[in-house]
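Enquirer: Predicted model and sequence follow; I will ask about them next.
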Amino acid sequence: MNDVLIIGIADGSGSGKTTLTNQIASLFQEHVTVLKHDNYYKAHDDMTFEERKNLNYDHPNAFDTELMIEHLKELRAGRPVQCPVYDYKVHNRSKDTITVAPSKVIIVEGILIFENKELCDMMDVRVFVDTDSDIRLIRRLQRDVLERARSLESVINQYMNTVKPMHEQFVEPSKKNANIIIPEGGYNKTAMEMLQNHINSHLKRTADL
């Protein structure tokens, strides 16, 4: 595939980046492929559940970013990939994979995708979703307790011990690598329209080639 638009959407957990990503994917359907950095958490089969619970999942070293870069190169070349699946309930990579097909638009989503230079340089558009920390914490609490079978205490402890300090050390500084900064992610209608128009222009241009 010769002309692929790669869009990166980043910021901290609970920022609204997934909502933004899902809205774009829903609008353009088969024309958009989504690659989530969260799926590329490293496997830790050698550790117990208790040991895995205490890992720092918000540090760049928690991710197999090299594999994600290879998969992105394959997708850009028009070849499907077998994307890993992460199971949040057991804090480990699943044995399953998902077949991800190439398309004319690829969205790369994650908290630390702008932190890695090689990955960041592959993106044509880099969007940083800028959301207040209190809102992000509330959304994270709701998500992890309701969807990921976590206790309220464990979510708060993780936020204070790793999520907040890692956000300040790695995520927030990566904002400088974005070329678009928007508040509130998928809840920002102006930003949605801007991205929608950009994608429409790309699809029209590549269709005319």
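Expert: Thanks, I have the structure now. Numbering: from 1, shown residues only.

Enquirer: Check which element follows the helix or strand of the chain with the lowest mean pLDDT along the chain.
Expert: Least confident helix or strand of the chain, by mean pLDDT, DSSP states H and E, is helix 133-147 with a mean of 74. Using DSSP states H and E, the helix or strand that follows helix 133-147 towards the C-terminus is helix 152-158.

Enquirer: Pull out the buried residues from that following helix.
Expert: Residues of helix 152-158 classed as buried: 155-156, 158 (neighbour count, 16 or more other Cβ atoms under 10 Å). Yep, even glycine has a C-beta here, placed from its N, CA and C like the rest.

Enquirer: Give me the distance from that helix to the chain's centre.
Expert: 22 Å (Cα atoms, centre = their mean, to the nearest Å).

Enquirer: Could you list the residues in contact with it?
Expert: 53, 57, 140-141, 144-145 (Cβ atoms under 8 Å, 6 or more residues apart in numbering).

Enquirer: now, among the residues you listed, which is nearest to C120?
Expert: Relative to C120, the closest of the contacts of helix 152-158 is Y57; by Cβ to Cβ it sits at 20.3 Å.

Enquirer: For that closest one, grab the count of nearby residues.
Expert: 20 (other Cβ atoms under 10 Å).
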